[in-house]
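Colleague: give me the fold of what follows.
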Amino acid sequence: MSVNTTFKKAMLSAFVLSASAFSTNVFAANMFTTKATSSLNCVTINNDLAQIEKFKQAGTYRFAKGGAQRINFDFASSKPFQDYLAAARAHINAQNPKASMPCPISTPTSKRLYADKPLQVVDLITPFELKADNEKAAVLLIHGLTDSPYLFHDLANSFVEQGISVRTLLLPGHGTAAEALVDIEQADWRQAASYAIKSMLSDFDNVYLGGFSTGGALVVDYLNHNTLNETEQQKLKGVMLWSPASEAKAGMAWAAKYVSWFTDYLDEAADIDFAKYESFPANAGAQVHALMKQTEPKKLKGLRNIPFFVVASEVDQTIETDATVNMLARWHAQNSAVQAQDRFVYYYADKVEEQLNALSNSLKTVTTFSCAGQVYCDHVLDIAHTSPTNAPSNPHYGWQGSYRNCEHLTGDLFASCKTARAVTLGELTEANLETTPNLQRLTFNPYYEQMLEQMQGFIESTLK
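Modeller: Predicted coordinates for the structure are as follows:
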């Protein structure tokens, strides 16, 4: 039994809870010449449309080496975090078909981790720990569905510069090949998140928990279903969420479970993005839907007195932003003992929605921003689900990055999206796609520096 193309697109719109990425680097047409696979690296792999199609049809990077296996690490244990990092790196090397591919992508975080060492894909997607000088706090960062810890390279460097140590988690089923998500269960993610959060609260005196999309849902889920002891309550200073997964935008989210009975993938792509999967297993959508059901507003009961910093977009086409607002309103109502300045919502919108009033006038809400003096300002239509965590300078996902995500397009439009000199960036709204057929989905934040300022203010107000 097959799933028709229209239904696949609808399901993808509902479930791709991750950082689909692209860049606006201007590629010369003569760059798109066939290259031998042996000469490919994580940058040049993006430059050959014919080769991309071959990878897609063959599933070259869709399947794990030797068949998908679980990581050899017991998340139910209390083993040191360094043991987990070693196990995760070994798992990526053993399973990811691109693990040893050269990857000349240099970020401030990769320089902190590896200095000037020649990098491979494994170096950039493996979970990591960065210790800050004169450490005043530590933050755990959990990525979204189909993503990897590379998503946090920009934020991690910003945190360390503020004296905040960073740990990242690689969720089970990630960092290898999309095949690994075909049989994963949301319970696996919840157990991994539980291990990482407990480790943070054990190893550091001042702790922040952060998550993008699915990672955000896992943070909320843990705090809502686990009672912190008095010491842990004192250590936990706040939660930071970017595009948190609250409810799928499309109304067919519930159907993913049943679709997965008949097909492994809602979309089969080339998977040339070293930092995330492009192919999307139906089961992945089903598991995220099950996870989000755990954090419905009516079920929130354990979030009292936890300050929060949340970044969301009015036009998010992956997550229903109204559901996020409702979740925050319920959370806000429970936070009677938290000062108003300890609750930040960084809300990208053209106007203030009525729903925001539910957060009360005492909630610090940022709703208007300006983009001036940068060449990309005139090219950005609006802020996508995939945008908040990456800086415009990101060498992979930024304004002049090496990769463009055009996975929502096919045929000539896909080719145009990949090669066009004049680019338009934004969320995959119906209006945007109608006016810009080769629209690239935005995955860097034009207001990144403004967000950092607000985030620093949140930390200063909560780190007492």
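Colleague: just the strands from the stretch 251-400 of the chain, written as ranges.
Modeller: Assigned by DSSP state E, counting those that start in this stretch, the stretch 251-400 of the chain shows strands spanning 265-267, 280-281, 308-313, 343-348, 364-366.
Colleague: packing partners for the third one?
Modeller: If I follow you right, that is strand 308-313. Counting contacts by 3 or more CB pairs under 8 Å, 6 or more residues apart in numbering; DSSP states H and E, strand 308-313 is packed against strand 236-242, helix 321-334, strand 343-348, helix 448-462. The C-beta positions use only the backbone N, C-alpha and C, and glycine is treated the same way.
Colleague: mean confidence score for the shortest one?
Modeller: This means strand 343-348. Across strand 343-348, pLDDT averages out at 75.
Colleague: who are the packing partners of that strand?
Modeller: Using 3+ CB pairs under 8 Å, 6+ apart as the test, strand 343-348 ends up in contact with strand 308-313, strand 364-366, helix 448-462.
Colleague: which one is residue 93 nearest to, not counting chain neighbours?
Modeller: Spatial nearest neighbour of residue 93, chain neighbours left out: residue 99 (4.9 Å); criterion: CB to CB, 6 or more residues apart in numbering.
Colleague: that neighbour against residue 92, yeah?
Modeller: Yes - with contact defined as CB atoms under 8 Å, residue 99 and residue 92 form a contacting pair (5.4 Å).
Colleague: what sits in contact with each of these two?
Modeller: residue 122 (CB atoms under 8 Å, 6 or more residues apart in numbering).
Colleague: among the helices and strands packed on strand 308-313, which is nearest residue 391?
Modeller: helix 448-462 (4.6 Å; CB to CB).
Colleague: which residues does stretch 101-111 contact?
Modeller: Against stretch 101-111 from outside (CB under 8 Å, 6+ apart): 40-43, 45, 118-121, 123-124, 128, 130, 152-154, 156-157, 274, 394-396, 402.
Colleague: out of those residues, which are buried?
Modeller: Among those, those scoring as buried are 40-43, 45, 119-121, 123-124, 128, 130, 152-154, 156-157, 274, 394-396, 402 (criterion: 16 or more other CB atoms under 10 Å).
Colleague: cross these against strands and list the overlap.
Modeller: Counting by DSSP state E, these place residue 130 in strands.
Colleague: for stretch 384-399, which positions count as buried?
Modeller: 384-392, 394-399.
Colleague: measure residue 344 to residue 321 for me?
Modeller: 16 Å (CB to CB, to the nearest Å).
Colleague: off-centre distance for stretch 407-416?
Modeller: Stretch 407-416 sits 23 Å away from the centroid of its parent chain (CA atoms, centre = their mean, to the nearest Å).
Colleague: compute the first-to-last residue distance for it.
Modeller: 12 Å (CA to CA, to the nearest Å).
Colleague: and if you look at stretch 195-214?
Modeller: In stretch 195-214, first residue to last residue: 16 Å (CA to CA).
Colleague: give the buried residues for it.
Modeller: Buried residues in stretch 195-214 (16+ other CB under 10 Å): 195-197, 199-201, 204, 206-214.
Colleague: could I get the average pLDDT for that stretch?
Modeller: For stretch 195-214, the per-residue pLDDT averages 98.
Colleague: so where's the longest helix in this structure?
Modeller: If you go by DSSP state H, the chain has its longest helix at helix 186-203.
Colleague: give me the helices and strands touching the next helix or strand after it, please.
Modeller: As assigned by DSSP states H and E, the chain's next helix or strand after helix 186-203 is strand 207-212. With contacts taken as 3+ CB pairs under 8 Å, 6+ apart, strand 207-212 sits against strand 137-142, helix 186-203, helix 214-225, strand 236-242.
Colleague: which residues of the stretch 301-450 of the chain score low on pLDDT?
Modeller: The stretch 301-450 of the chain contains residues with pLDDT under 70 at 336-343, 350-369.
Colleague: okay, and for the stretch 151-300 of the chain, where does confidence drop off?
Modeller: Applying pLDDT under 70 to the stretch 151-300 of the chain flags residues 250-262.
Colleague: kindly reformat the helices and strands packed on strand 343-348 as TSV containing distance to residue 282.
Modeller: Formatted as TSV, the helices and strands packed on strand 343-348 follow (distance: least, CB to CB, whole Å):
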stretch	distance to residue 282
strand 308-313	26
strand 364-366	37
helix 448-462	33
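Colleague: before we move on, the earlier item: using CSV, lay out the strands of the stretch 251-400 of the chain together with mean neighbour count and distance to residue 326.
Modeller: What follows is the strands of the stretch 251-400 of the chain, written out as CSV (neighbours: other CB atoms under 10 Å; distance: least, CB to CB, whole Å):
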stretch, mean neighbour count, distance to residue 326
strand 265-267, 23, 27
strand 280-281, 27, 27
strand 308-313, 25, 12
strand 343-348, 24, 13
strand 364-366, 17, 15
